[in-house]
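>>> structure here, sequence nowhere to be found:
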């Protein structure tokens, strides 16, 4: 996309999951720049350029876990979609849960898509590559 | 109106009452008859001044007693034989009684009164119709005869009950008239006859205590319990109090009117205490019932809570367990990719085992979750066409069926009340298992169904490897397997899911199998 790498914000409390996502993204075709925060509070600070995130860029896409300490993914999602400035950023929910209730809640809060994390790394890689192909290559993201 | 089903023991006690009443009637009739044969006065009447029980009445008494005996007996006589005995005895009773009644009403003599025992001397002169059955006896025995004939007719037993109640009332009046020396009534029914008629009437009601008016009396409800406690008192108290009043009046203690006042007030007082006792015991029963209800509600609430806890637990377990699993399998695969050239060949096998383990763990967690959600995600039961379900299952299992060349046949399958998604799961698991655990032979699977009245019985028979009978229970438990993973894949969830679904639908599932002979899985579905 015009040479600039896609900027992705990963909101994920598990360092190993964040590591695996980052690792999977490295295999992709598209140049990406990954930022990781560890819970909902940090995510909102990042998006609102508060505290240590004063210089943080506005991400192109957010990968959001649902179950996190302090402020969970559902609250983050609700806040993003209620914020005029942030609501245009596509939010991809990426979580361990495949429970109907979680899927429904996420879409009710206007999640842009919902992905359940596979345990197997090769499947995980495949999924992340699909995300890349779709969201970073085919989709026209909102202009900034 | 729905009546609480009576306890079998209550019905049995009533039947016993009927039995003793019938035996008494037969014995009494027999003795009176002997009295006529050998001309023994005390056997015909307890008092010289009382009217005698006639020979025809004695015969009626024996016949009605016999009919009642065979109506209540549980002896393993052929039903047809019992019915013939009952019809003949009851029919003869009614015939003799109705003929005697006709003689009374129309004033003619059919010659049946003195058929066996011609009246002589004083007896002959004292009576206008010597040897004839008394008017009310004839009336009562006619009703008893007809009632006994109708006792087991499906719609007319109400008539039988009514006839029994009327003859009980008439005979009670006669008994009371002897107790109170009311001569006007006495001539119409001798004392022996009155006692026999009363007992047969009550016996008739007791012989069929499970229906009609007696159904409420024998019922296990509070009403039934109270009826059984209070009914004897309502019979005995007024009769006994009346007798006491009569004795006092005769003894010159008081006149007729004060006697009546005493009788009325005594009745009030005694019934007051009986009713009070009844109220108290009702109150106790009600308190107990309320307490039981409260305990039931508490248990239900506790169960609901623990169910919710379990759900929560299953959710958290699945989410939180998967994260470390992903960390293990993901990291080791990343390790493998990143250090491909630096690792020895044998490291690949270690990595493969690690990944396998993590993958298997995930399958187990998913299965556990599926299993725990079976009861919580309940869809309403709807009319479901089983043949359509089989079609769907065959489509889902097409590749397995094609590969194994399985031959699947099925009966005409019914429409049942079920959660169609869950029923499909049961069919698919059972058919899938039948294909998976096939023997060397071409798999043949048959789905049968039998109408068992209030439920359907489904059977899934195959000619596969079979299951040793000692495992018949174990296979329905979650994660129980009879084979290693090398032989057959899977976690051992399928049959546990089937069991849970079938039980959720109010049915049962079980197995009939011989090792190497094939298996038949059977389950029932209630029709509701």
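Structure's in. What do you need? Source: prediction; values computed, not measured. Residues are numbered from 1 along each chain as shown, chains lettered A, B, ... in the order given.
>>> in terms of helices and strands, where is residue B:448?
strand B:444-451 (DSSP states H and E).
>>> where do the strands sit along chain A?
A:6-11, A:32-37, A:61-64, A:91-95, A:113-116 (DSSP state E).
>>> next, format those as TSV and append mean neighbour count and mean pLDDT.
Where you see a C-beta, it was placed from the backbone N, CA and C, and this is true even at glycine. TSV is the format used below for those (neighbours: other CB atoms under 10 Å in any protein chain shown; pLDDT from 0 to 100):
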stretch	mean neighbour count	mean pLDDT
strand A:6-11	23	92
strand A:32-37	18	90
strand A:61-64	25	94
strand A:91-95	24	93
strand A:113-116	16	93
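>>> a markdown table for these, including distance to residue B:444?
Compiled in a markdown table, the strands of chain A are given as follows (distance: least, CB to CB, whole Å):
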| stretch | distance to residue B:444 |
| --- | --- |
| strand A:6-11 | 55 |
| strand A:32-37 | 57 |
| strand A:61-64 | 52 |
| strand A:91-95 | 46 |
| strand A:113-116 | 40 |
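>>> just so I know, which of the ones you listed lies nearest chain B?
Chain B lies closest to strand A:91-95 among the strands of chain A, at 7.9 Å (CB to the nearest CB).
>>> from the contact counts, what lies against that closest one?
strand A:61-64, helix A:73-82, strand A:113-116 (3 or more CB pairs under 8 Å, 6 or more residues apart in numbering or on different chains; DSSP states H and E).
>>> ok, back up a step: I'd like the next helix or strand past the strand holding residue B:448.
Using DSSP H and E, the first helix or strand after strand B:444-451 is strand B:455-462.
>>> direction included, what does that following strand pair against?
strand B:444-451 (antiparallel), strand B:518-526 (antiparallel) (DSSP bridges).
>>> one step back: could I get the helices and strands packed on strand A:91-95 as TSV with distance to residue B:169?
Conversion of those to TSV gives the following (distance: least, CB to CB, whole Å):
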stretch	distance to residue B:169
strand A:61-64	87
helix A:73-82	79
strand A:113-116	81
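>>> can you lay out those as a markdown table showing distance to chain B?
Formatted as a markdown table, these follow (distance: least, CB to the nearest CB, whole Å):
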| stretch | distance to chain B |
| --- | --- |
| strand A:61-64 | 15 |
| helix A:73-82 | 12 |
| strand A:113-116 | 9 |
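>>> hmm, back to that, could you redo the strands paired with strand B:455-462 as CSV and give each row mean neighbour count and mean pLDDT?
Shown next, in CSV, are these (neighbours: other CB under 10 Å; pLDDT from 0 to 100):
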stretch, mean neighbour count, mean pLDDT
strand B:444-451, 16, 93
strand B:518-526, 21, 92
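>>> shaky segments in the chain?
In the absence of a named chain, this looks at chain A. The model of chain A has pLDDT under 70 over residues A:1-3.
>>> oops, wrong one, chain B.
B:1-5, B:76-77, B:119-128, B:186, B:375-378.
>>> got the domain ranges for it?
B:11-218, B:305-376, B:382-526 (automatic domain parsing).
>>> and these, which is most packed in?
Highest mean neighbour count among the domains of chain B (mean count of other CB atoms under 10 Å in any protein chain shown): domain B:11-218, with a mean of 19.
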